[in-house]
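Q: I would like to see how this sequence folds:
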Amino acid sequence: MIENRRKKSLIALTMVTPFVVTFSVFFLYPMLDMIRISFTDAPLVGAGHWVGFDNYLKLFGDRLFTLSLKNNAYFVALTVIPTTVIALLIALAINRLSGFRQTFVMSLFFMPYVLPVSVVTELWAWMLDLQFGVLQPVIALFTGKPVAVFKNPYWVMPMVAVVTIWWTNGFNVLLFIAGLRNIPSELYEAASLDGATTWQKFSRVTWPLLWPVTALVLTLQLILQLKIFDQIYLLSGGGPFNSSYVLLLKVYREAFQSNNGGYASAVATVLFLLIVVISVLQFQLLRIRRAS
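A: Modelled structure (predicted):
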C-alpha cells in the first residue's frame, strides 16, 4: 500500500509540475518583480533606487490616475451587467431552437469572439466612420446629424462598450446555454402540470438553477472589463480630452512612453489589487445571494 501510494503521489506530482513551473515563471515571478519595482524609481529597462512608498503617494495627487479610475468604473457599469443580461436573453432564445437551427444561430453569435481585437476595432471604426460609416444614418435618426463617436467625449465610452459587448458576448452565451442544458427537463414538465406560467417557470426553475453560471459570468466580466485596454487604445487612444483614459493605458504610457517603470508598476499593482479585492467581494456576495 505504501509503495502504491508513493507511485500515485509521483504521478500526481509529474502531472502538476508543468503547470506549477509555467505559473511560477510566467505569472508569479513577474507579479512579485512588478511589486518590487513599484517601490523603486527604475526606468523601463534597468535597475533603480529604492524610494519606498513615494510612487504610491504620488498616485493620490495624479489627476490622470484619478480620472482613469473613474473611467474604469464607468466602463464596468456600461458592460458587466448589460452584457450578462443580453447573453442570458440570447441563450434563452437559442435554447428554444433545436437541431441545425440552434447550432447555426449559436455559431453566428459566437463568431465575433474568435476575431482578433485589431479586426474587431477596424470593422467598427469603418462602420462608425463619420463620412462613410454604414451605421451613421442610424445615429443620425437619434441625433439629427452624424457623430464622430470616437472623437466625442460623451459617445466614446458607450460606443467602446457596445463594441466590447458585441465582440465578447458569444462566450457568455455559450456558458448560459451550457447551464440551461444542465437543467432537468422533468422540472419544467412538473411545473407545466402544476399550471405554471412561462414567467413562473423562469423565476422558480430556470433562474435559481442558472444562478451559479450567472455568478461566474458576472465575475469573469468584471475582471475582463477592469483590464480594458486594447479597444480603447485602438479606437480612441484615451481621448478625446482623456475621456476614455483607463488604468492600463496609463501603465502603458508611463512605462513605454515616459520610461517610468517604477511608477507604471505602482499603477499596475494598484489595478491588480483592485481586481483581486473587487472580484473576490463580488463572488462572495453572489454566493451569499445564492444561499439566501
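Q: quick one: residue 267 is in a strand?
A: No: under DSSP: H, G, I helix; E, B strand; the rest coil, residue 267 falls outside any strand and is assigned helix.
Q: and it, how many neighbours?
A: 27 (other Cβ atoms under 10 Å). Yep, even glycine has a C-beta here, placed from its N, CA and C like the rest.
Q: could you double-check that it sits in contact with residue 249?
A: No: the criterion here is Cβ atoms under 8 Å, and residue 267 misses it with residue 249 at 10.1 Å.
Q: tell me the contacts of the residue nearest to residue 256 when sequence neighbours are not counted?
A: The shortest distance from residue 256 to any non-neighbouring residue, by Cβ to Cβ, 6 or more residues apart in numbering, is to residue 44 (6.6 Å). Listed by Cβ atoms under 8 Å, 6 or more residues apart in numbering, the contact set of residue 44 reads 255, 256, 259, 260, 261, 264.
Q: of these, which is the nearest to residue 151?
A: residue 256 (23.7 Å; Cβ to Cβ).
Q: what is the burial count for residue 271?
A: 20.
Q: can we start the residue count at 672 from this point?
A: Done: numbering now begins at 672, and the last item shifts to residue 942.
Q: contacting residues around it?
A: Contacts of residue 942 by Cβ under 8 Å, 6+ apart are 897, 898, 918, 919, 922.
Q: repeat that for residue 838.
A: Per Cβ under 8 Å, 6+ apart, neighbours of residue 838: 783, 784, 786, 788, 791, 902.
Q: re the thing from before, most surrounded residue in the contacts of residue 715?
A: Ranking the contacts of residue 715 using other Cβ under 10 Å puts residue 935 first, with 26 neighbours.
Q: test my guess that that residue contacts residue 928.
A: No: contact criterion Cβ under 8 Å: residue 935 and residue 928 do not qualify, at 9.8 Å.
Q: quick one: distance of stretch 790-802 to the chain centre.
A: 21 Å (Cα atoms, centre = their mean, to the nearest Å).
Q: where do the helices sit along the stretch 822-963 of the chain?
A: 827-852, 856-864, 869-872, 878-897, 901-906, 918-923, 932-962 (DSSP state H, counting those that start in this stretch).
Q: format those as JSON lines; extra columns: mean pLDDT and distance to residue 704.
A: Formatted as JSON lines, these follow (pLDDT from 0 to 100; distance: least, Cβ to Cβ, whole Å):
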{"stretch": "helix 827-852", "mean pLDDT": "93", "distance to residue 704": "30"}
{"stretch": "helix 856-864", "mean pLDDT": "86", "distance to residue 704": "51"}
{"stretch": "helix 869-872", "mean pLDDT": "86", "distance to residue 704": "53"}
{"stretch": "helix 878-897", "mean pLDDT": "89", "distance to residue 704": "22"}
{"stretch": "helix 901-906", "mean pLDDT": "93", "distance to residue 704": "24"}
{"stretch": "helix 918-923", "mean pLDDT": "93", "distance to residue 704": "15"}
{"stretch": "helix 932-962", "mean pLDDT": "84", "distance to residue 704": "9"}
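Q: nearest to residue 697, of those?
A: Here helix 932-962 is closest among the helices of the stretch 822-963 of the chain (Cβ to Cβ), at 15.1 Å.
Q: in that closest one, what counts as buried?
A: 932-942, 946, 949-950, 953, 957 (16 or more other Cβ atoms under 10 Å).
Q: over to stretch 816-828?
A: 817, 818, 820, 821, 826, 827, 828.
Q: again, but for stretch 752-762
A: So stretch 752-762, judged by 16+ other Cβ under 10 Å, has buried residues 754, 755, 758, 759, 761, 762.
Q: can you tell me which of the residues you listed is nearest residue 722?
A: For those, the nearest to residue 722 is residue 754 (40.2 Å; Cβ to Cβ).
Q: hang on, that closest one packs against residue 841?
A: No: using Cβ under 8 Å, residue 754 makes no contact with residue 841, being 10.7 Å away.
Q: most centrally placed residue in the chain?
A: The residue lying closest to the centre of the chain (Cα atoms, centre = their mean) is residue 895, at 2.0 Å.
Q: quick check, that one in contact with residue 839.
A: Yes: with contact defined as Cβ under 8 Å, residue 895 reaches residue 839; the gap is 7.1 Å.
Q: so how far is stretch 752-763 off the chain centroid?
A: With Cα atoms, centre = their mean, you get 15 Å for stretch 752-763.
Q: and stretch 708-722, by the same measure?
A: The answer for stretch 708-722 is 30 Å, by Cα atoms, centre = their mean.
Q: one more: stretch 930-938?
A: The mean C-alpha position of stretch 930-938 is separated from the chain mean by 23 Å, Cα atoms, centre = their mean.
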